[in-house]
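1. Pasting the sequence and the predicted coordinates here, then a few questions.
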Amino acid sequence: MNKPGRFKTLAIATLSAIALAASIAVGQTVTTGQDNQQTQGQRREWRGRRGDHKGMRGMRDGGFFRGLTLTDDQKAKMKQIRESFAQTNKPLREQLHAKRQELRQASEGGTFNEALATQKLTEMAGLQAKLMGERNKLRQEMLSVLTAEQKAQLEQAKAQRAEKREQRKAQRGERRGRPDEQ
């Protein structure tokens, strides 16, 4: 009974593995070039939307001011400033999103319209510059809510982050066999 039992177990395990592999193979779909382009376009679209908010990423949920002890009044003011920024700059972000879509359309269908792409990139650069200026105003407005002591703490934290970045950069250079020259 020992040998037939092992053989039976081995046969069942082998058949199970084959069945599992077959079900995985059948479950995977083959994408055509068009489907793949659409998927990549959707991914780019998502990245584009995320990129629109990168200036706020550090300021949301206290990320930029992490480590500072803010009063409830300061937290409320910061939230109101962020919400106001989001509302007033929504049209600008939407315009930027539309330009990104137009840029993607410039290369669809297998042909690339360089003149159209250049025009859209130029238009996007202007919108991005405006948004960058608005983010700078947002940061300044949020900094105005802080006390002098909190601002000093923020500067100290910023200096520490810069020092850590430099250390990591030096370590990367050493691992590559070329020490950073200071």
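-> Received it, and whenever you're ready, just let me know what you need.
2. Report how many residues lie close to residue 103.
-> By other CB atoms under 10 Å, 19 other residues sit near residue 103. Heads up, the C-betas are built off the backbone N, CA and C, glycines and all.
3. in the helix or strand encompassing residue 77, what counts as buried?
-> Per DSSP states H and E, residue 77 falls inside helix 72-88. Going by neighbour count (16 or more other CB atoms under 10 Å), the buried part of helix 72-88 is 74, 77, 78, 81, 82, 85.
4. again with stretch 149-160
-> Buried, per 16+ other CB under 10 Å, within stretch 149-160: 150, 153, 154.
5. residues touching the first one, list them.
-> Translated: residue 150. 65, 68, 70 (CB atoms under 8 Å, 6 or more residues apart in numbering).
6. May I ask you to name the longest helix in the protein?
-> Counting residues, the longest helix in the chain under DSSP state H turns out to be helix 114-143.
7. and the angle from that helix to helix 72-88?
-> Helix 114-143 and helix 72-88 are oriented at 160 degrees to each other (axes from the mean of the first three to the mean of the last three CA atoms, to 10 degrees).
8. Which strands and helices lie in contact with helix 114-143?
-> Contact analysis of helix 114-143 by 3 or more CB pairs under 8 Å, 6 or more residues apart in numbering; DSSP states H and E lists helix 54-57, helix 72-88, helix 90-106 as its packing neighbours.
9. What's the mean pLDDT across it?
-> Helix 114-143 shows a mean pLDDT of 91.
10. And stretch 152-159, by the same measure?
-> In this model, stretch 152-159 carries a mean pLDDT of 89.
11. Can you pull out the residues in contact with it?
-> Applying CB under 8 Å, 6+ apart, the contact partners of stretch 152-159 are 65, 67, 68, 143, 146.
12. So the last one, which state does it fall into?
-> Three-state call for residue 146 (DSSP: H, G, I helix; E, B strand; the rest coil): coil.
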